[in-house]
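Participant: Quick one: sequence plus predicted model below, questions after.
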4 protein chains.
Amino acid sequence: MTKFSSEVEVRGHLIDSMILTKIFDVIMDLGGEFEVLQMNVGKKKKEPSYAKLQIQGKTQDHLDKILEQVYREGATATIGKNVSLKAAPKDMVMPDDFYSTTNNTTEILLSDKWVLVDNMMMDKCIVVKNGKASCTPIRDIKKGDLVVVGESGVKITPPERPREGSNVFAFMGSSSSSERPTQHIAKKVAEDIFRTKKSGGKILLVGGPAIVHTGAADSVAELIRLGYIDGILAGNALAVHDIEYATLGTSLGMNVHDGSLAVKGHRNHMDTINAVFRAGSISNMVKKGELRRGILYECVKKKIPYILAGSIRDDGPLPDVITDTAVAQKEYKKVLKEAKMVIMVSTMLHSIATGNMLPAHVKVIVVDISQPTVTKLMDRGTWQALGIVTDVGAFLPLVSQEIKKIRK
Amino acid sequence: MTKFSSEVEVRGHLIDSMILTKIFDVIMDLGGEFEVLQMNVGKKKKEPSYAKLQIQGKTQDHLDKILEQVYREGATATIGKNVSLKAAPKDMVMPDDFYSTTNNTTEILLSDKWVLVDNMMMDKCIVVKNGKASCTPIRDIKKGDLVVVGESGVKITPPERPREGSNVFAFMGSSSSSERPTQHIAKKVAEDIFRTKKSGGKILLVGGPAIVHTGAADSVAELIRLGYIDGILAGNALAVHDIEYATLGTSLGMNVHDGSLAVKGHRNHMDTINAVFRAGSISNMVKKGELRRGILYECVKKKIPYILAGSIRDDGPLPDVITDTAVAQKEYKKVLKEAKMVIMVSTMLHSIATGNMLPAHVKVIVVDISQPTVTKLMDRGTWQALGIVTDVGAFLPLVSQEIKKIRK
Amino acid sequence: MTKFSSEVEVRGHLIDSMILTKIFDVIMDLGGEFEVLQMNVGKKKKEPSYAKLQIQGKTQDHLDKILEQVYREGATATIGKNVSLKAAPKDMVMPDDFYSTTNNTTEILLSDKWVLVDNMMMDKCIVVKNGKASCTPIRDIKKGDLVVVGESGVKITPPERPREGSNVFAFMGSSSSSERPTQHIAKKVAEDIFRTKKSGGKILLVGGPAIVHTGAADSVAELIRLGYIDGILAGNALAVHDIEYATLGTSLGMNVHDGSLAVKGHRNHMDTINAVFRAGSISNMVKKGELRRGILYECVKKKIPYILAGSIRDDGPLPDVITDTAVAQKEYKKVLKEAKMVIMVSTMLHSIATGNMLPAHVKVIVVDISQPTVTKLMDRGTWQALGIVTDVGAFLPLVSQEIKKIRK
Amino acid sequence: MTKFSSEVEVRGHLIDSMILTKIFDVIMDLGGEFEVLQMNVGKKKKEPSYAKLQIQGKTQDHLDKILEQVYREGATATIGKNVSLKAAPKDMVMPDDFYSTTNNTTEILLSDKWVLVDNMMMDKCIVVKNGKASCTPIRDIKKGDLVVVGESGVKITPPERPREGSNVFAFMGSSSSSERPTQHIAKKVAEDIFRTKKSGGKILLVGGPAIVHTGAADSVAELIRLGYIDGILAGNALAVHDIEYATLGTSLGMNVHDGSLAVKGHRNHMDTINAVFRAGSISNMVKKGELRRGILYECVKKKIPYILAGSIRDDGPLPDVITDTAVAQKEYKKVLKEAKMVIMVSTMLHSIATGNMLPAHVKVIVVDISQPTVTKLMDRGTWQALGIVTDVGAFLPLVSQEIKKIRK
């Protein structure tokens, strides 16, 4: 045993959830050595395992590097060390060695007590104030804020893999192939939505304009009306297309009822934007009786939040759109608070945005016709997502039909 | 006017069908010059136009090159010249300057009479025998066969664009985007199938195993049972998956009713192949009562042809598979004879194969979740195809539901 | 002839550029009738054609509908009518019947004189002030602004198809297949960039972070250093990845020189953002010598503009990012002014945004590994774009190599 | 402990290679219970681990089901049981309970001795003859052949994950994203090819016509000439395109040197086919001096095998094509014998075919511009493949350049 060594321990479904595999990987990838000092494997499905490892590096620096990574996989030092804190040197500047968060449940050892970090998101830092720890984006850092630095004293609990439940996450593997029995997947998703809602869970929908284009707007509107959606996170395009469809029957000038192009159809898009500006806002259009159906209409009627984040490609954008993306992020985050399930449909931009804000334990369902889009979201860190590669225009109506069957 | 010039004329919906555009393009692309000598534009929608052009080249060779291309776009020389014929020097060898066919309706001037070429397909040659002309693949050429050479004396009639009908080809443009109102497209396709069938048209389905995998096998079986499909062109995989699903409930080991993986599931695939070998053939399985549902079952019951073409990636393959692809091509071609509509679903291999055998006037609908696949088929010459980018597992059930509604 | 008829005329490469085809299409699609009253076809390649049509509708309304569409395709009434103008009722509200622009060169008949509309973009309106007409986005409309309404008095000139040049737009068709000879396409693109630049044309690059991820950042930096790029339009991610790569050698934690994952690599991303905040801005980093290579470094050194538009999915975002998307649009537009060529690489968001701001005559090259992305941009109205489906990481280095060869 | 229980043991890099995870998964998925009776974890990287489990089912049948799956993951019964053998009832019919193979190294316990199964492929059965066991496709089964039935007495050894090497398989993860540093990946692949070849390993190329279309044919020809490729597995299209390019400069009529369309270009394709028929074969064309460059030319010159498998979509096909796919499979398999590395480029059909024939320990590199294609191959069982999503036309030239650098 070299003198550059350290003991770590780890608990949980080590083998089943691949935690141990990842820890071994990290050590080997970094050229470290290790010994398994102790290992108690859970003898039954629900029993957690325990392992104690001795990790060796070539130098103290090398060892520290390894430990930092190992901690990120859920291990903790056997001898607990409190987190180190350093003051932010300026507004919007973190101390150099700031701890960069994951989206896993995270605790920090503060004055020898484990404190849960609030508001967990990936790629942020942890600010400690009055004995409380919260995950904080760089632009919210104020000069003097105490920020966690280094990796010691931080404990991560990766979520366990879903098991044996009848929920859609358990029965489908991780792969997101288009070769799945669509109708049955729709049924499973419907059951999961129904069950989540029944147990009081908050469900949000992140959606792009293809929902309207592919003819699925009526189904989404219905899901809202029936109470299965607690908020919409989207951009300008979804709202404009939805209102264009609700008032003129077209989506970017295409008649949604038959896919043909309307006369002067492309103008409808701009006409819709103008109509909202004339009314002053979407909710005003509803009040004046100018908007009487659709996704946004149902949101206004149900009084559920709809956050429209601006983007550089917006036409208009509508008066309801939050053009400052930093503000829009905060509004998204508010709505996402306490979410149990997030359904992401046909929008890489807003889906990745939302994924970045979610703790790893929130259920995420991504529906898109493009497999690379689905894969990309997971690669960007929202690896808990269940990817469904299908045609939104056919899939969402199936989901809403199934939910109506279950309700009866 | 140089001495290297020639007059050609062309008739039809010259402007509307872009024939004239293409002719001008060809001349310019090849560095030729032209004058419009006469041009009568149809003054009403259904009146054909007429144009006479003088085309000039830099040399006789240059002019000939241009003319050859111009003829391919539907123009003919004002002074009709009979086709030239040359004898094939050997079996399976065409004369050097053989005329290579397109998939358009083609006539040849034979002893000063226009003769329609039979059995039209692209990329073949034309053999003349007893005053009859037929489109012939290279492997069917016998030594001494008289083959059309050069480009003169050949008249092509490109099909007109569909217009003003209510059929799905007229209302959708040429682009194959995934952003279409799926449910309404399904309805349109259903109406087109219904109408084609009602008027006695023959409809064929070219399909891949994803039909079964995505849970659409029941819908296809139903379409056959109801009499809307007159033949299946496929490979080994569709048949094996269909029979695996019909007898064991799985597709490559995945339980189709819920997408979960069956125990020892992957073995089911091989088990199914063995079951067919044991019975001797698919129709024997039906006779023995071992196969009682599914696509192949309905084919056997309805006595409609199912041609299974072998491929290098086949497991087994089943005794019913034609492992010689040259033979399989002939069998495909027989079934395709007189087809009015061909529906191609989730198989690039068999779709391109079938596309190669079809005259341009046959309606082709291609359904696939991958846009590049749909585009590729069109790029390969089956440009008349209507591409629908959707999830087969959701789309085909919609089509079959819609047809059942229309029937009532 | 019914009494609901009107004469229109159209000039240009009517047949070659398919203008006439589109006009006939529009009339037929809308159920109108027409007669060709006069038609002079250009007898040589460069001679324009002329056509005069009598269009009939079933009612005056029907006729007007047809005329509106026909005008959009480039026809004008034989009896010129001045445009109608109406005052905007409120700030950011257009009059009901506002004329919605295309991205084609547009003139309006104002006091019997044709006036060119300035600052042409699609999906905007036209404001007339002091005898000048300019294309104006809805949010810039002030109460009382005189806005063009209806369709009469507006003349559009669709761009001609490129012809016979050696530029990359002429030799490739419109289709954007991945099956192209990549190395030769790269050479053609390089020649086009070189030629455009040599003749003083402004070239802009719109790019996504995949440029860095796929290892093409060095090539883009080189193109800037050599003077071939006059501005960068991008978002936060390109800048962060570029600076992460320039300072730490990684892109989202992946070592770019070999594709392996760096230790604590994902942290590098946040570390980079913090470094820029610490310096205050990207240009400050350059001044302090903390940023010494890469795309943004070259921009700062060359003093060419780089506009970073904020998006909802940004990490950080960097202090240099314009988080208000309405402001960012204006900044994009300023840089795009007078552009001759725009190269769009691996970013659907910023490419569509830029496409929306460009007149149709600007050359657009879109490079992406996903064919649907390329197609989508064109479907959204930037139909003049040349789509190249390739791997950016291999393609851009080829382009930069070729340019260096040509320079010699 | 119920009476329906059984002890199994497993050895190897249990945790690192996820073997134990998979075994636990299987048991839980099937509703079984287990206890870890013994577990010795390798304390160093290269030490194997050992585990002994007690597995319980609800009934004997249930237990047997679980055991069958557990054996497939690499476990063996602690009390060795000889394999059961049953005679094939007919030619091409396996006994009902036949053991269906995986592509892992497989041994069977025959008369209390472990015998390695020869010629390992997935989805076949095992035939025992004269104390030897060989993996056998169904069509090769003769009546009376002794076939392994059930799952006991079969031991599987899943390959270990590559580790710490400098080879491309070790440094890239399993994911196949398009966002990789292409030039560096190309270098790594080149090094791997060089190293494999240097150590005497056999390298095969499976390729589609896109190699020629994208302009990479010269690079592949060069790799053959330099001795890095020991055989080509392809179809008719690769050969026709390659010869068309070698003799006429076009690929399906497109001039490869600049991507433009050749005059009468599409005819070149058929002309090429006719030229080969006229010569009698590809090697005859080489002998006669009619084919003097290209992939097939180099194969003939180097006397390395090129197997062209027929498919239903073939034009021609060439006289050299094996139109019987069952025969072609055997020829592919012969060439694949003892392969160390297989490079699959732009052909799903031939890649999946080849993947089906390969033992899991053969290195497989798949290069394609479509991510779903790459993923599909892995999903079909060739999970050891390294997927590279890139543009073949740019990537292969990079690989060949890099190899030439290394050689020096």
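Facilitator: Thanks, I have the structure now. Numbering: from 1, shown residues only, chains lettered A, B, ... in the order given.

Participant: following the helix or strand harbouring A:Gly387, which helix or strand shows up next?
Facilitator: Secondary structure assignment for A:Gly387, by DSSP states H and E: strand A:386-389. Downstream of strand A:386-389, the next assigned helix or strand under DSSP H and E is helix A:392-407.

Participant: The stretch 151-300 of chain A against chain C: which residues are in contact?
Facilitator: Those residues of the stretch 151-300 of chain A that sit near chain C, judged by CB under 8 Å from any CB of the partner chain, are A:235, A:261, A:263-264, A:266-267, A:269-271, A:273-274, A:277-278. Heads up, the C-betas are built off the backbone N, CA and C, glycines and all.

Participant: Of all pairs in those residues, which one is the farthest apart?
Facilitator: A:Gly235 and A:Val263 (27.6 Å; CB to CB).

Participant: Look at the two and report which has more neighbours.
Facilitator: A:Gly235 (30 against 17; other CB atoms under 10 Å in any protein chain shown).

Participant: which ones are touching that one?
Facilitator: A:Gly208, A:Leu308, A:Ala309, A:Gly310, A:Ser311, A:Asp314, A:Val321, A:Thr347, A:Leu349, A:His350, C:Ile312 (CB atoms under 8 Å, 6 or more residues apart in numbering or on different chains).

Participant: Relative to A:Ala217, which of those residues is nearest.
Facilitator: The closest of the contacts of A:Gly235, once distances to A:Ala217 are taken by CB to CB, is A:Gly208, at 11.7 Å.

Participant: ok, that closest one to A:Ala309 distance?
Facilitator: Using CB to CB, to the nearest Å, we find A:Gly208 at a distance of 12 Å from A:Ala309.

Participant: Between these two, point out the one with more neighbours.
Facilitator: Neighbour tally, A:Gly208 and A:Ala309, criterion other CB under 10 Å: the higher count belongs to A:Ala309, 28 against 23.

Participant: Tell me the pLDDT of the more buried one.
Facilitator: A:Ala309 is assigned 98 on the pLDDT scale.

Participant: next one: A:Pro162
Facilitator: So, for A:Pro162, pLDDT stands at 59.

Participant: swap in A:Pro317?
Facilitator: So, for A:Pro317, pLDDT stands at 96.

Participant: where along the stretch 151-300 of chain A do the helices fall?
Facilitator: A:168-171, A:182-198, A:210-213, A:217-225, A:236-248, A:265-279, A:282-287, A:295-302 (DSSP state H, counting those that start in this stretch).

Participant: what's the burial count for A:Ile15?
Facilitator: 26.

Participant: ugh, wrong one, A:Ile406
Facilitator: A:Ile406: 14 neighbours (other CB under 10 Å).

Participant: With A:Lys288 instead?
Facilitator: Residues near A:Lys288, counting by other CB under 10 Å: 11.

Participant: I'd say it and A:Gly280 touch.
Facilitator: No - A:Lys288 is not in contact with A:Gly280 according to CB atoms under 8 Å; the separation is 9.2 Å.

Participant: shared neighbours, the two?
Facilitator: By CB under 8 Å, 6+ apart, no residue touches both A:Lys288 and A:Gly280.

Participant: Make sure A:Ile108 is indeed in a strand.
Facilitator: Yes - per DSSP: H, G, I helix; E, B strand; the rest coil, A:Ile108 lies within a strand segment.

Participant: Look up how far D:Val41 lies from it.
Facilitator: Taking CB to CB, one finds A:Ile108 at 30 Å from D:Val41.

Participant: Could you do A:Val362 as well?
Facilitator: Taking CB to CB, one finds A:Val362 at 34 Å from D:Val41.
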